[in-house]
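Asker: Turn this into a model:
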Amino acid sequence: MTTVTDAHPLEDMTGSRTPFRIGVAVVAGVHLLLWTIVMVGGWLYWDDFILQGQAARRGLTTELLFNNHDGHVMPLSYVVVWVLQELSGLNYALVAVSMLLGQLLLVTAAVLAFTTLLGRGWQTIAALSVFLLCPIMMPGLTWWAAALTLVPLMTCALLATVSHVRYLNTGSVSALLTTFVLVAVALGFFEKSVLIPVWLFGVSLLICRQSSLMGCVRAVVVERWRLWLGWIVFLGAYLAVFAQVAAGRTRLPTGPGQLLDLIIAAVFKTLAPALVGGPLNWTPVDFSASFADPPLWLVVVGAVSVGAVVFAGVRTPGTARKAWFIAGAYLVVDLASFAIGRLGPDGDPGVVQAGRYVATTLIPVSIALGATVAAYLPQLRSQRLRWPMVTALSLVGLLTLFSTLAYAAIWSKNPAQRWVGNARVDLAAADPGSPLLDQDVPDFILLPVTHPYNQASWFLAPLTAQPGYSSSTDQLQIIDNRGRLVPAQIDGPSGLITGECIPVPPGASATIPLEHPIIAWSHTVGVQYTAQTPGFVSVQIGSGQPVAADVKAGMHSLFVRAEGGESSITVTSTDASACIGGVQVGKVIPSDLTYGGGVDLADQLRQELGQ
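Answerer: Model (predicted):
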């Protein structure tokens, strides 16, 4: 099989495969060790809860599979989510095992693809080291929601590289079909997989026998025009479907200034520092999440170092020069896809510093660096460069280790683990006959912008052992900021009751004025009543929608979740003769406001983070 280094007579470890295998095993082992360190300290975060809540509530339906999740169309990702939540909802250990399988597949695919393109040599080990050990890969590989899309994309892209090269070299129809199947699978996980054929076009240029880049472009287009026409039709059909599902998610940059900010953030603050072991510093985004924030000196060192390597590669005719042009072209396309989906008036170019948005660019960049190593390997073996190279690589290795551990330290500050753990225990022990009223989970887990998925009925839906949720209940409880299920009370205006109680005969209504008006919102209404017989009533806030509830014979309390505003509560009896002794409306708060004298998880973690 032709490789892109065939033009360079290297010491390709052909005398013995053992050194190459040891080198690959060391790189893969270090990658998996660092990944495990981050995973052990991490937990589920943000979209992980949203995805599992959707899977639990909607089931394996088209509504779930073709859900527009923040502009992403990812039916196969939803299949994985549904299977895992069906096995054990909100189970991080199970999620971690599935992610480990994904890592093993990714590492295997990277070894196969890089060996196919670069051969068995130090150039391949160098390329694998960049791809697998680069610190900015960690956010996309250790956050489940990101890994669900990114890992299948990269794995399929790398395997498609192998089958595509086989097709180009042999004309094998099975290899061609395999490539199309791999891209189709990748598209099922992540729409960004439309970039894989772009990369495959670059692969075609890499293995082209002509040294001229433009000559290779002409040859690849002319000789393989049927292949590229097939890809255009294939992607056109997919994009037509995608446009229907993700309608309204296309955004355009506000102008050249925003594009310039994107380039600076992606190239100089993310990629370049990462290629020399950065970013060293990560700036936390509330809890767990963070973005690369390299110091200025590392930005300069990264830019100069990467610029020197690119210059060295481009100045040599042949493979390395083509590889860097292809890497640059892919980066442009990658950033263009980000700009269309993430920029605009409300977009922030700095989001790209999260790392996962440019992770796929590391594939062509790693190949280009490997090709450059191949071109200069005889010089790199010289005695005078041995110790400078050892020193430089040691420093990059130390920076990589420090950057990865710094990210792991922030990723481990996750309050959701204890909150969900406490809630799991208390909900399992709760009275199944007293459903809960819906509530927002704490803002330090999911912000209100994610509504309705920040509602406990969505967030905790994967937990099977719980009393469930209803629009009414006879026992007011709340899951507090510690995740504990505790008795609750209503904080808000009371109804103005005349006499001991207000009678409401069957078929009649009673409108009770409040102490003061309330804003139109979702409120909880508490009603103290005495009923002669069991039956049904409805409770209405102002002119809002009535909410039906059942009442019991005797003196009891009823709590209803309803929407509305203004300054009155109306109770309508369907078939029960009731007397309303008290009404209160407002928000639900724990009865023990001091939380037993303790500190809630949010305050505790902020103290730990020094915020």
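
Asker: Now T473: phi and psi?
Answerer: The phi/psi pair for T473 (degrees, to the nearest 10) reads phi -160, psi 160.

Asker: meant to ask about S567
Answerer: Per degrees, to the nearest 10, the backbone of S567 is at phi -140, psi 30.

Asker: Spit out the contact partners of it.
Answerer: P513, L514, H516, P517, I518, G542 (C-beta atoms under 8 Å, 6 or more residues apart in numbering). Every residue, glycine included, has its C-beta placed from N, CA and C.

Asker: quick one: low-confidence parts of the chain?
Answerer: 1-16, 247-250, 593-611 (pLDDT under 70).

Asker: Could you point out the longest helix of it?
Answerer: helix 383-411 (DSSP state H).

Asker: roughly how far is the helix or strand that comes right after it from the heart of the chain?
Answerer: Per DSSP states H and E, the first helix or strand lying C-terminal to helix 383-411 is helix 416-429. Averaged C-alpha coordinates place helix 416-429 at 23 Å from its chain's average position (C-alpha atoms, centre = their mean, to the nearest Å).

Asker: packing partners for helix 416-429?
Answerer: strand 477-479, strand 485-491 (3 or more C-beta pairs under 8 Å, 6 or more residues apart in numbering; DSSP states H and E).

Asker: neighbouring contacts of the first one?
Answerer: Identification of contacts with strand 477-479 by C-beta under 8 Å, 6+ apart yields 423, 426-427, 430, 434, 436, 439, 441, 456, 485-488, 588-590.

Asker: Apply 10 Å and report the result again.
Answerer: Residues outside strand 477-479 that contact it (C-beta atoms under 10 Å, 6 or more residues apart in numbering): 419, 422-423, 426-427, 430-431, 434-437, 439-442, 456, 459-460, 467, 484-489, 524, 559, 587-591.

Asker: quick one: strands adjacent to that strand?
Answerer: Here strand 477-479 is paired, per DSSP bridges, with strand 485-491 (antiparallel).

Asker: how's the protein carved up into domains?
Answerer: 19-44+90-381, 470-611 (automatic domain parsing).

Asker: which of those domains is buried the deepest?
Answerer: Burial of the domains of the chain is given as mean neighbour count (mean count of other C-beta atoms under 10 Å); domain 19-44+90-381 ranks first at a mean of 19.

Asker: Tell me the span between the first and last residue of it.
Answerer: Terminal residues of domain 19-44+90-381 are spaced 16 Å apart (C-alpha to C-alpha, to the nearest Å).

Asker: Now the closest residue to V539 other than its chain neighbours: phi and psi?
Answerer: Spatially, and ignoring its direct neighbours in sequence, V539 is nearest to V560 (4.5 Å; C-beta to C-beta, 6 or more residues apart in numbering). Main-chain torsions, V560, degrees, to the nearest 10: phi -130, psi 140.

Asker: closest one to V276 among the helices and strands packed on helix 416-429?
Answerer: strand 477-479 (46.0 Å; C-beta to C-beta).

Asker: starting at the chain centroid, how far to the closest one?
Answerer: With C-alpha atoms, centre = their mean, you get 29 Å for strand 477-479.
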